[in-house]
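[1] Sequence unavailable; structure follows:
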């Protein structure tokens, strides 16, 4: 018999194949980084040792990772709840700013006890995040206007608004710090070094979200709307209100990231506070695929890359390296996921 | 009986003996995890032949054709083209060997013009060309193959029959000598079926070969030269069509004789047709988005324990009628009465809760979520109450259990309740939708073309289900293009023509001629 192809594509890929594929992808991406560094005349082994020492190898490194993970888990979750129903919230960056701004208002202008102020910050930040996406969400739900463009454009508005506040009405008149407000009057309590309560709350939010969507009627109905709006209508599920609800939830999650960032990590509202967390949330959500809990390791990986970038910067390597490594990794993982779907056919 | 006429290697009688086949399949096998899709399938197709492939849902017809077109690799066996053994590592290899397939769901780009679709992904498309050039080329192709198309028309604006012609033309223009058609008549009106058949006959007379997959026995008898029957992945027999009858083919296909009943008498215990009207329409007018009147002053009322058959050529207002009856669409004027109360606003949830089930015309588009699991799809009508869900909750384990129960009742073998429903065959999807809808249809069941895509065994089961629902006191609305089906099941028959209801008559008073006349728009007095 003549030769035939030995491989076929699986429609449903078992998770262990994905895991193996991703392990190999990360290895491949890291090899390319190592080769590039070697070609630049650097020693990849020394740099790797330095990176490991300064990230997972030290107390400060681990604290840093947790601080990076906190907003990444939440912006990842924000993008993820949208993708789950075929909606793309590209505006997590802006919603993060909105949430941070709301929390800052409470932190600067009230003197409430922490037990009141911190929950108030969380509520206000989530509402502000949801409000920031309200117009794109309503336009998508009832008018069919693409949420991708509208949510993206509002990022620039939010960013400029924060710069305005931080240099104008809310600017720090005491120390004269550039583009920054004063230190907030209260902060999320630190639990372990610089790691604050926000990390635990973000972790709990992601876990709760995963369980909640899997076991709730809302989770089911939105899955139906995302998969086939016509079938949802047929079953009497109103599609537009659920699109709105999902996008508002998405905005609220990104807003929460802003609350923890400003009132846990940075303590001041600053221009550039969002640090691309909103956009990196898209990467985190894509890495997590269909699983909400997978947002946690995905955020960890992204945090490692960010940290690596900072370490490399201290050795005079361009800060753009972070973007290059991120891109390389996403490309390798996309290829790995695709290849994991192909299996050898047993011939008889 | 079947074995006497089983002559797998002889060419059709109108061809000279010794004609070499264009395609030979030898002992083809294809396995999927836990399933034998094809095994020991050997088949010849000759130039100048129309070869029908027949089998139940899941008999392995589609898998076999996917092997022939290079979409799947066979796990065993040989493919021989023009006497040379060959392999198709990918579909383009099959295309360059002269094999072209027209799928049941067209693979056209809806927003592109006919000419653009014809030239898409074709090595002979010139590198630089204008819209005018490709339209001229499309016109030339259309004339060459005798398939009339409008090159500048946008594909999404075409009828199913026109789209199919574009698809066939695309395949032929790439030099196909063997044309494979998967249920080509399922979406066509009778006139379009006639046009398709004459195009296929012309292709055959020019030495082309055709493999046609169909469930419709009368079409096979009318069109094909030879017929091969698959059952459970194996080839049961290949015959000259002149040597077989529809009955013998059915027996071979199912493994036992199945005759579709011509009537479904009421069970003695069934209650009489009720007087109450669970659902009625009064002077309903519906326009589509383009402002064209689709339902014109339609009044009708349903009665419990009765099947109302809606006859009519496809596209005369059937989808709109089904949508109005199930709360999917608001009429422009007129009133809908649900259990005696006028409905103010179309609300499908309200209709479903009032016990109105709906088997829509296009199940994948409307009744199913292709990307979600079988369990989630089966839960669609009952997710909002125990055991599957509640006001806020949803239980996947319960949904899976429920889906398995429905599948068992519908006689569908599932590879698991967590698999995506788009992986199931069209027939199995239809059976599951039917089972799901009959469960909630405590008062009304609207079934649009429920036998589409089903094999004869499944059609027989489906009809029994409708008759049982009727006996249980449900008001059933049956829309079908198959007059035999309408006559076998209906208590009353209504005819839709150009959105108008051309009269409702009792089954006993309806004759085929008078219904046929009404379907073509003549009034009864004209027909008489």
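    Thanks, I have the structure now. Predicted model only: the values in this text are computed from it and were never measured.
[2] dump the residue contacts of the residue nearest to residue B:94 when sequence neighbours are not counted.
    Leaving out its chain neighbours, the residue that sits closest to residue B:94 by Cβ to Cβ, 6 or more residues apart in numbering or on different chains is residue B:70, at 3.7 Å. C-beta coordinates here come from the backbone N, C-alpha and C atoms, glycine included. Counting by Cβ atoms under 8 Å, 6 or more residues apart in numbering or on different chains, residue B:70 touches B:88, B:89, B:90, B:91, B:92, B:93, B:94, B:95, B:99.
[3] and if you look at residue A:91?
    Neighbours of residue A:91 in contact, by Cβ under 8 Å, 6+ apart: A:132, A:133, A:136, A:150, A:151, A:152, A:154, A:155, A:251, A:254, A:278.
[4] ok, and the most crowded of those?
    residue A:254 (38 neighbours; other Cβ atoms under 10 Å in any protein chain shown).
[5] Spit out the contact partners of that residue.
    A:74-75, A:78, A:89, A:91-93, A:95-96, A:99, A:129, A:278, A:281.
[6] Which one of those is nearest to chain B?
    Nearest to chain B among those is residue A:89, at 19.9 Å by Cβ to the nearest Cβ.
[7] Return the distance of the closest residue to chain A within the stretch 1-150 of chain B relative to residue B:67.
    Relative to chain A, the nearest point of the stretch 1-150 of chain B is residue B:73 (4.3 Å; Cβ to the nearest Cβ). From residue B:73 across to residue B:67, the span is 7 Å (Cβ to Cβ, to the nearest Å).
[8] Just give the number of residues close to whatever residue of chain B ends up closest to chain A.
    Distance from chain A to each residue of chain B (Cβ to the nearest Cβ) is smallest for residue B:349, at 2.5 Å. By other Cβ under 10 Å, 15 other residues sit near residue B:349.
[9] and if you look at residue B:122?
    Other residues close to residue B:122 by other Cβ under 10 Å number 12.
[10] If I follow the layout properly, it ends up in contact with residue B:171?
    No - using Cβ atoms under 8 Å, residue B:122 is not in contact with residue B:171; the gap is 11.0 Å.
[11] Any chance of JSON lines for the contacts of residue A:91, columns pLDDT and secondary structure?
    Output for these, formatted as JSON lines (pLDDT from 0 to 100; DSSP: H, G, I helix; E, B strand; the rest coil):
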{"residue": "A:132", "pLDDT": "98", "secondary structure": "helix"}
{"residue": "A:133", "pLDDT": "98", "secondary structure": "helix"}
{"residue": "A:136", "pLDDT": "97", "secondary structure": "helix"}
{"residue": "A:150", "pLDDT": "96", "secondary structure": "helix"}
{"residue": "A:151", "pLDDT": "96", "secondary structure": "helix"}
{"residue": "A:152", "pLDDT": "97", "secondary structure": "helix"}
{"residue": "A:154", "pLDDT": "97", "secondary structure": "helix"}
{"residue": "A:155", "pLDDT": "97", "secondary structure": "helix"}
{"residue": "A:251", "pLDDT": "98", "secondary structure": "helix"}
{"residue": "A:254", "pLDDT": "98", "secondary structure": "helix"}
{"residue": "A:278", "pLDDT": "96", "secondary structure": "helix"}
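[12] Which of those sits closest to residue A:53?
    residue A:278 (30.2 Å; Cβ to Cβ).
[13] And that closest one, how far from residue A:96?
    Residue A:278 is 5 Å from residue A:96, by Cβ to Cβ.
[14] which residues do the two both contact?
    A:75, A:254.
[15] how many neighbours does the closest residue to residue B:326 other than its chain neighbours have?
    In space, and not counting its chain neighbours, residue B:326 is closest to residue B:358: 4.2 Å by Cβ to Cβ, 6+ apart. Neighbour count of residue B:358, defined by other Cβ under 10 Å: 28.
[16] try residue B:289
    Residues near residue B:289, counting by other Cβ under 10 Å: 5.
[17] Just the pLDDT for it.
    Note for residue B:289: predicted pLDDT of 77.
[18] now swap in residue B:8 and tell me
    According to the model, residue B:8 carries a pLDDT of 68.
[19] swap in the one 3 residues further on?
    Residue-level confidence at residue B:11 comes out at 83, pLDDT.
[20] Who are the contact partners of the most centrally placed residue in chain A?
    Geometric centre of chain A, nearest residue: residue A:281, 2.5 Å, by Cα atoms, centre = their mean. Neighbour list for residue A:281: A:72, A:74, A:75, A:76, A:77, A:78, A:79, A:92, A:254, A:257 [criterion: Cβ under 8 Å, 6+ apart].
[21] try residue B:440
    B:352, B:355, B:357, B:381, B:382.
[22] tell me the two of those residues that are most distant?
    B:355 and B:382, at 12.6 Å, using Cβ to Cβ across the contacts of residue B:440.
[23] could you list every residue that touches residue A:163?
    So residue A:163 contacts A:179, A:271 (Cβ under 8 Å, 6+ apart).
[24] burial measure for residue A:54, as a count.
    Neighbours of residue A:54 (other Cβ under 10 Å): 17.
[25] same deal with residue B:369?
    For residue B:369, using other Cβ under 10 Å, the count is 24.
[26] before we move on, what about residue B:460?
    A count of nearby residues for residue B:460, using other Cβ under 10 Å, gives 18.
[27] can you pull the contacts of it?
    The contact partners of residue B:460, taken as Cβ under 8 Å, 6+ apart, are B:258, B:260, B:261.
[28] Same question for the helix or strand containing it: list its buried residues.
    For residue B:460, the host element (DSSP states H and E) is helix B:456-471. Buried residues in helix B:456-471, counted by 16 or more other Cβ atoms under 10 Å in any protein chain shown: B:456-460, B:462-463, B:465-467, B:469-471.
[29] Any chance of a markdown table for those residues, columns pLDDT?
    Shown next, in a markdown table, are those (pLDDT from 0 to 100):
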| residue | pLDDT |
| --- | --- |
| B:456 | 80 |
| B:457 | 80 |
| B:458 | 82 |
| B:459 | 86 |
| B:460 | 87 |
| B:462 | 88 |
| B:463 | 91 |
| B:465 | 89 |
| B:466 | 92 |
| B:467 | 93 |
| B:469 | 91 |
| B:470 | 93 |
| B:471 | 92 |
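[30] Just to check, residue B:432 is in contact with residue B:409?
    No - with contact defined as Cβ under 8 Å, residue B:432 does not count as touching residue B:409 (9.7 Å).
[31] buried sites along stretch B:312-321?
    B:312, B:313, B:314, B:316, B:317, B:318, B:319, B:320, B:321.
[32] In CSV, list those residues along with pLDDT.
    Formatted as CSV, the entries for the buried residues of stretch B:312-321 read as follows, by pLDDT from 0 to 100:
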residue, pLDDT
B:312, 83
B:313, 76
B:314, 73
B:316, 83
B:317, 88
B:318, 89
B:319, 88
B:320, 91
B:321, 95
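[33] Chain A next: which of these are close?
    Residues of the buried residues of stretch B:312-321 in contact with chain A (Cβ under 8 Å from any Cβ of the partner chain): none.
[34] Out of those residues, give me the two with the largest separation.
    B:313 and B:320 (14.5 Å).
[35] Measure how buried the residue in the stretch 201-348 of chain A that chain B sits nearest to is and give me the count.
    With Cβ to the nearest Cβ, the shortest gap between the stretch 201-348 of chain A and chain B falls at residue A:236, namely 2.5 Å. For residue A:236, the neighbour count with other Cβ under 10 Å is 19.
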